[in-house]
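Asker: Sequence first, then the predicted structure, then my questions.
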Amino acid sequence: TTAGSIVVTSEGTSAETNLQQGLCKAWAVYDMGDNAVDDSNNVASFVDQATGIGRLTFTNNYNSVSHADVAMVGNTAVDIYYENSVVKSTSTTGALACHNTSDADTDGSPYCSVITTGDLA
């Protein structure tokens with residue numbers, strides 16, 4: 001369909017959900033060791049801010065800063081935070097602080113994976 005909004009019935013119930021609202025709008029897999037985005041969708045660039053800290057910029061912006069961001073490095077959760085130098089906006093995730101299991105900043109593998117959701121502009 002080419003509808004702007006598609007409502008579907010959820011699994012096993014009569015509840016309905018809006019398909020567009022539930023879609024991942026941007027994602028990336030990158031290696032902070034060589035500062036390369038290995039694969040992505042709706043990600044224009046990655047910038048190395050400092051050891052273990054990077055920033056993704058979206059190709060298509062969100063309509064508000066209320067987009068949700070989730071990240072992992074290897075099998076460990078990643079801190080996503082927003083500071084004055086990398087403020088969360090409609091076009092970026094803010095700063096992604098990647099730590100290893102000893103909580104030390106890391107710039108090497110394993111790869112960092114990021115998923116964001118929200119309403120695109």
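Answerer: Structure's in. What do you need?

Asker: Could you use CA atoms for every contact and neighbour count after this?
Answerer: Will do.

Asker: which residues of this structure fall in helices?
Answerer: Under the criterion DSSP state H, the chain contains helices at 19-22.

Asker: wait, what's in contact with the residue of it most remote from its centre?
Answerer: Residue farthest from the centre of the chain, counting by Cα atoms, centre = their mean, is residue 14 at 31.3 Å. For residue 14, no residue meets the contact criterion (Cα atoms under 8 Å, 6 or more residues apart in numbering).

Asker: Next up, phi/psi of it, please.
Answerer: Main-chain torsions, residue 14, degrees, to the nearest 10: phi -100, psi 0.

Asker: Can you give me the distance of it to residue 20?
Answerer: Per Cα to Cα, to the nearest Å, residue 14 is found 19 Å from residue 20.

Asker: One more: residue 44?
Answerer: Residue 44 is 21 Å from residue 20, by Cα to Cα.

Asker: ok, residue 15 - how many residues close by?
Answerer: 10 (other Cα atoms under 10 Å).

Asker: Quick check: bridge partners of the nearest residue to it once chain neighbours are set aside?
Answerer: Spatial nearest neighbour of residue 15, excluding adjacent residues (Cα to Cα, 6 or more residues apart in numbering): residue 9 at 5.8 Å. Beta-bridge partners recorded for residue 9 (DSSP bridges): residue 16.

Asker: and residue 9, what is it in contact with?
Answerer: 15, 16, 17.

Asker: So residue 54 is in contact with residue 95, correct?
Answerer: Yes: using Cα atoms under 8 Å, residue 54 is in contact with residue 95, at 5.7 Å.

Asker: Neighbour count for these two, which is higher?
Answerer: Taking other Cα under 10 Å, residue 54 and residue 95 do not tie; residue 95 has more neighbours (25 against 22).

Asker: Not counting residues beside it along the chain, what's closest to the more buried one?
Answerer: Nearest one to residue 95, counting by Cα to Cα, 6+ apart, is residue 55 at 5.1 Å.

Asker: State which strand of the chain is the longest.
Answerer: strand 43-50 (DSSP state E).

Asker: what about residue 43, neighbour count?
Answerer: By the criterion of other Cα under 10 Å, residue 43 has 20 neighbours.
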